[in-house]
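Asks: sharing a model prediction with you, sequence too.
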Amino acid sequence: MSTNKEIQPTFRSVAVIGVNGHVGGFLTRTLAEFVRFEAVVRQNRWRDEALYPQVRCHSSIADMLQKTAPELVIMATPNPTEEALKEIAQHAQKPFTLILPQNGVDVVPTAQKVLASKRDQVSLIRASLATNVSRNKAGELVYNKKRIGLAAVDNDQDKVQKAQELFAQAGFDVRVFRDYQSMEWSKLLTNLYGSTTTMTNLSPKEALSDRENFAMEHRALQDRIKALEAAGIKLSDFWNVSKLRWLARVPTGVASLFRGIIAQIFASERNNQPSAAARQISEGARKVESTDFYHKPMLDLGRELGAEHGTLTPLDKVLFEILKRHQRGEVNKKDPFDLSTLEPAERRKLLLEAYDLQTQRVFYPSIAPIRVLLESIYSLFARGFEVKGEENLEEVMISLEEGKSVAVLPVHYSHLDHPTVKRGLKKVMGRVFEKHPFYVIANTKFEGEFLSWIFSRAYPHTRVATLKQNSTEEDHWKAKFVNNRTSSVTEELLEEAGIWLIYPEGGRNKTGTRQLQEPAKGVDYKLASSQYALAVAVIIRNTDKMYPPGRKIPHFTHVEVEFLRPRKTGPGTLDLIMQDLREGLQEERRNLKVLN
């Protein structure tokens, strides 16, 4: 390497903002011997100040910009960056180049927005570090491989070339990319592979050697690349990207056979140490960068691609939710969840359970032979079928013909309520009913009940995770994985006008006294939104006698279904529906007393 006297600095002066941070300190120690250096230390003193007397420290960005005129400023503050950028915008006086080395994909749009008035003064360069970081025996961070990618945001290639020369002088392996977004997403892809170590606190070798963990990581890699391709984002030749693209082409089952070798390769890249986020959590941190700047961008990308794609990267959704729960646990008295208190085995178990919930089916199409079988059994045992309130379905038919969906909300006593409501609607509405899809929102787990599989596959339905009164916060948290996905699928299905059967009580009413139970969580939201144009309360009679819970063979029974007046949906609709049902059941109880 050339001596300092032989090196001609590409920039007369360089400033680093955030010198006390890991990245800021590393860049300052690496570059300070090659160029006049300024450093911004906003809290306390720089811990290495005595070792680098040539570095002039400033207490604020304003102080640095007003007293000096650096040609290059490296903003090494962690995400989010808006506060530091606002200070730069306020005090920038002379032109300079600003390098942004943060993780994630939001920093450039944020900088362009905040620095819009300084566009002629500040030239932006996006940087992505691919430096191998580990800890020595003393617990100090060690930077083993100095690698950095650079890309011009404003297409000023001369500035990028000068920055490339500066980093090359300092011993960096430098790659220049023409498209900063391609570089960002490529870096993100490499950061995300092995990200389960943040959750489990296992080493990369342990995580990727584990069969179930490897399968999650491999499918996530394939999912992420597919998502990027669907969004038209091209991957660059960033470090390790070619390996990941090659690996993603291999089927999961085949790749798993070689997971020991794969684990060794990627573990060596990271000195077989868990992610920085995992270290932060072990040290007591609640908020870690990977939550919002690694996993959230992938989730946002899925939303941008539209509902038809659903959640493109299930593992990112799971890790995001777990890390958010950890973050909220500091202030959430009901659920003081803390990852750092769990052993790696407990963390792994939680991860696998959440991933299983996130990847389970939530929509089941109708299977015609099963539907025919169920309706044939129903017709055999329904000795008489009566429909009341036919006039109340006229407005429902008009709404459907106008392309608007409708919700019907019956009391729920038996699994035979599904075919009862359908039969009543079909009898009154005829061809209008046949023209529109009929969906059921219901749980699909009927443990120990004969013929239960028929009810779960006879009609198209979305799955819902129901909760009991004694459900724990853990149960509530896990139920969200299922119900949030069900909501996404429902939104997609609602693009076509249809009839949706929703049980407002959630599960079956087992009071035995015709008393209405409290409404289930989430029903109010469904009716308050604009998903459905109308909501109709429905009273069902005698299905609990025809097929009570636990019964193996139905009884022969006369069945009645009554449709009450339709209600416009909006805030407060559920209260009106529950009131209608309550009044209908009260009338039924009075009639029963008269008969007795």
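Replies: Noted; the coordinates are in hand.
Asks: can you pull out the strands in the stretch 301-450 of the chain?
Replies: 363-364, 382-388, 406-410, 438-442 (DSSP state E, counting those that start in this stretch).
Asks: same list (those strands) but as JSON lines, adding mean pLDDT.
Replies: Compiled in JSON lines, the strands of the stretch 301-450 of the chain are given as follows (pLDDT from 0 to 100):
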{"stretch": "strand 363-364", "mean pLDDT": "87"}
{"stretch": "strand 382-388", "mean pLDDT": "91"}
{"stretch": "strand 406-410", "mean pLDDT": "94"}
{"stretch": "strand 438-442", "mean pLDDT": "87"}
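Asks: do you know the pLDDT at Phe450?
Replies: Per-residue pLDDT puts Phe450 at 52.
Asks: what helix or strand does Lys296 sit in?
Replies: Using DSSP states H and E, Lys296 falls within helix 296-305.
Asks: what packs against that helix?
Replies: The contact analysis (3 or more CB pairs under 8 Å, 6 or more residues apart in numbering; DSSP states H and E) places helix 296-305 against helix 180-192, helix 211-230, helix 314-328. Yep, even glycine has a C-beta here, placed from its N, CA and C like the rest.
Asks: how far out from the middle of the chain is the helix or strand following the first one?
Replies: Right, the one you point to is helix 180-192. Downstream of helix 180-192, the next assigned helix or strand under DSSP H and E is helix 196-200. Centre-to-centre, helix 196-200 and its host chain are 16 Å apart (CA atoms, centre = their mean, to the nearest Å).
Asks: what's in contact with helix 196-200?
Replies: Helix 196-200 has contacts (CB atoms under 8 Å, 6 or more residues apart in numbering) with 202-204, 207, 213, 216-217, 274-275, 277-278, 281, 288, 290, 315, 319, 322-323, 339, 344, 347-348, 350-351.
Asks: hmm, back to that, closest to Glu304 out of the strands of the stretch 301-450 of the chain?
Replies: Checking the strands of the stretch 301-450 of the chain against Glu304 by CB to CB gives strand 363-364 as the closest, at 22.0 Å.
Asks: any chance you could list what contacts that closest one?
Replies: Thr444, Ser456, Arg457, Pro460, His461, Thr462, Arg463, Thr486, Val489, Leu493.
Asks: burial measure for the nearest residue to Pro519 once chain neighbours are set aside, as a count.
Replies: Nearest residue to Pro519 in three dimensions, chain neighbours excluded: Pro504, at 5.0 Å (CB to CB, 6 or more residues apart in numbering). For Pro504, the count of nearby residues is 25 (other CB atoms under 10 Å).
Asks: and for the one 3 residues further on?
Replies: Other residues near Gly507 come to 15 when the count uses other CB under 10 Å.
Asks: my read is that it contacts Ala465, right?
Replies: No. Gly507 lies out of contact with Ala465 (CB atoms under 8 Å); the separation is 11.1 Å.
Asks: longest strand in this protein, please.
Replies: Longest strand in the chain by number of residues (criterion: DSSP state E): strand 557-568.
Asks: and that strand, what's buried?
Replies: Under the neighbour-count criterion of 16 or more other CB atoms under 10 Å, strand 557-568 has Thr557, Val559, Glu560, Val561, Glu562, Phe563, Leu564, Pro566, Arg567 buried.
Asks: okay, those in a markdown table with distance to Phe167 next?
Replies: Shown next, in a markdown table, are these (distance: CB to CB, whole Å):
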| residue | distance to Phe167 |
| --- | --- |
| Thr557 | 81 |
| Val559 | 78 |
| Glu560 | 80 |
| Val561 | 75 |
| Glu562 | 77 |
| Phe563 | 73 |
| Leu564 | 73 |
| Pro566 | 69 |
| Arg567 | 66 |
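Asks: from the residues you listed, which is closest to Glu87?
Replies: Arg567 (54.3 Å).
Asks: correct me, but the closest one touches Ala535?
Replies: Yes. Under the criterion of CB under 8 Å, Arg567 makes contact with Ala535 at 4.9 Å.
Asks: list residues touching both of these two?
Replies: Thr573, Ile577.
Asks: what are the phi and psi values at the closest residue to Ile265 other than its chain neighbours?
Replies: Nearest non-adjacent residue to Ile265, counting by CB to CB, 6+ apart: Lys243, 7.4 Å away. Main-chain torsions, Lys243, degrees, to the nearest 10: phi -60, psi -40.
Asks: what average pLDDT does stretch 64-73 get?
Replies: pLDDT averaged over stretch 64-73 gives 90.
Asks: and the contacts of that stretch?
Replies: Applying CB under 8 Å, 6+ apart, the contact partners of stretch 64-73 are 11-17, 38, 40, 56, 58, 88, 91-94, 96-99, 162-163, 166.
Asks: returning to that earlier point: and the residue nearest to Ile265, how far from Pro566?
Replies: 60 Å (CB to CB, to the nearest Å).
Asks: one more: Arg541?
Replies: 20 Å.
Asks: same question for Ser290.
Replies: 49 Å.
Asks: got it, and Glu217?
Replies: Glu217 sits at a distance of 50 Å from Pro566 (criterion: CB to CB).
Asks: now Leu247
Replies: In terms of CB to CB, Leu247 sits 56 Å off from Pro566.
Asks: do the same with Gly149
Replies: Gly149 is 60 Å from Pro566, by CB to CB.
Asks: kindly report the same for Gly25.
Replies: Distance from Gly25 to Pro566, by CB to CB: 67 Å.
Asks: now do the contacts for the residue nearest to Leu235 when sequence neighbours are not counted.
Replies: Excluding the flanking residues, the one nearest Leu235 by CB to CB, 6+ apart is Ser186, at 5.0 Å. Contacts here follow CB under 8 Å, 6+ apart; on that basis Ser186 touches Ser128, Leu235, Ser236, Phe238, Val241.
Asks: just give me the closest of those to His418.
Replies: Leu235 (47.6 Å).
Asks: run a quick neighbour tally on Gly232.
Replies: Using other CB under 10 Å, the number of residues around Gly232 comes to 6.
Asks: tell me the SS of it?
Replies: coil (DSSP: H, G, I helix; E, B strand; the rest coil).
Asks: please name the residues that touch it.
Replies: Gly232 neighbours (CB under 8 Å, 6+ apart): none.
Asks: any idea how far it is from Gln181?
Replies: Gly232 is 10 Å from Gln181, by CB to CB.
Asks: so Leu581 touches Gln515, yeah?
Replies: No. Look at Leu581 against Gln515 with CB under 8 Å: they stay out of range, at 10.8 Å.
Asks: quick one, which of those two is more surrounded?
Replies: Leu581 (21 against 11).
Asks: which residue packs closest to the more buried one, ignoring adjacent ones?
Replies: Using CB to CB, 6+ apart, the closest residue to Leu581 is Ala537 (4.9 Å).
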